[in-house]
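S.K.: My questions are about this predicted structure, shown below with the sequence.
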Amino acid sequence: MSMSKLFAVIIALAAANAAQAAPAQDEIDKLLHQKGLVARLGDSIQHATNRAADLVVNAMDAVGVPYRKGGNSADTGFDCSGFVRAMYQQTVGMILPRRAEEQAAATEQIEKAELQPGDLVFFNTMRRAYSHVGIYVGDGKFIHAPRTGAHVRVESMKVSYWEKRFNGARRVLDAAPQEQISTSRVTTRESVAPRSYRLGGTFSQPSVPATQLETKTALGQGI
């Protein structure tokens with residue numbers, strides 16, 4: 001083999017090794033979780049209610065689960081609204097509507113400055129309002145199922161992409177339970193028996209009476 005060909009092979013092998021050694025963003029997210037991201041958010045979580053703290057910890061356990069459009073389960077993957085719905089059902093027994101915009105409509109509108117761990121944050125990622133949703137975990141960060149090819153991960157709301165697309169915050173845990181509406185379950189392997197509630201709120205229009213809200217089973221949309 002000529003020196004030029006040998007040199008080319010060495011360069012190619014070095015490039016391949018470097019590509020394998022460089023961790024993907026999703027792997028970095030997993031490492032952050034494994035090294036105690038929950039602990040670093042301790043001050044925020046400490047001031048949350050017990051249910052909110054449990055919700056955040058449970059959501060962190062899903063870091064690394066792959067995105068799947070229409071997904072409801074850690075076994076097969078989540079989309080954005082399926083992830084939020086599953087976390088609330090598994091942790092506090094509340095069944096939220098299936099789609100992101102329905103979740104916004106069924107929960108209490110709050111200001112961005114009022115965000116606490118466990119609140120929902122919504123983004124316009126598909127040229128329509130409330131097309132993406134995540135769970136606020138404190139310190140300006142949220143956890144979500146981003147898009148096809150990605151995994152559940154934690155991101156900063158201060159990143160320009162999310163800052164430009166942020167279009168609402170909602171609160172679920174302070175919403176008073178009003179009426180039991182369903183015994184349907186999210187498809188998860190270790191799901192607890194749910195308590196199903198209608199949740200009242202605002203959605204840039206007059207509040208809808210609790211008796212008119214419905215839990216949808218249609219597949220949600222992510223980004």
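M.R.: Alright, I've got the coordinates.
S.K.: ok, the closest residue to R171 other than its chain neighbours to R127 distance?
M.R.: Sequence neighbours aside, E108 is the residue nearest to R171 in space, at 4.5 Å (criterion: Cβ to Cβ, 6 or more residues apart in numbering). Heads up, the C-betas are built off the backbone N, CA and C, glycines and all. Between E108 and R127 the distance, using Cβ to Cβ, to the nearest Å, works out to 26 Å.
S.K.: Between those two, point out the one with more neighbours.
M.R.: Under the criterion of other Cβ atoms under 10 Å, the comparison of E108 against R127 puts E108 first, with 19 against 6.
S.K.: In this structure the more buried one contacts R170, no?
M.R.: Yes. Taking contact to mean Cβ atoms under 8 Å, the distance of 6.1 Å between E108 and R170 places them in contact.
S.K.: pull the helix or strand with minimum mean pLDDT from the chain.
M.R.: Within the chain, judged by mean pLDDT, DSSP states H and E, the helix or strand with the poorest mean is helix 3-21; its value is a mean of 45.
S.K.: Give me the below-cutoff pLDDT ranges for the protein.
M.R.: In the prediction, the chain carries residues with pLDDT under 70 at positions 1-49, 174-223.
S.K.: where along it do the helices fall?
M.R.: Assignment of helices within the chain using DSSP state H yields the ranges 3-21, 25-34, 37-40, 42-46, 50-60, 80-92, 100-105, 160-165.
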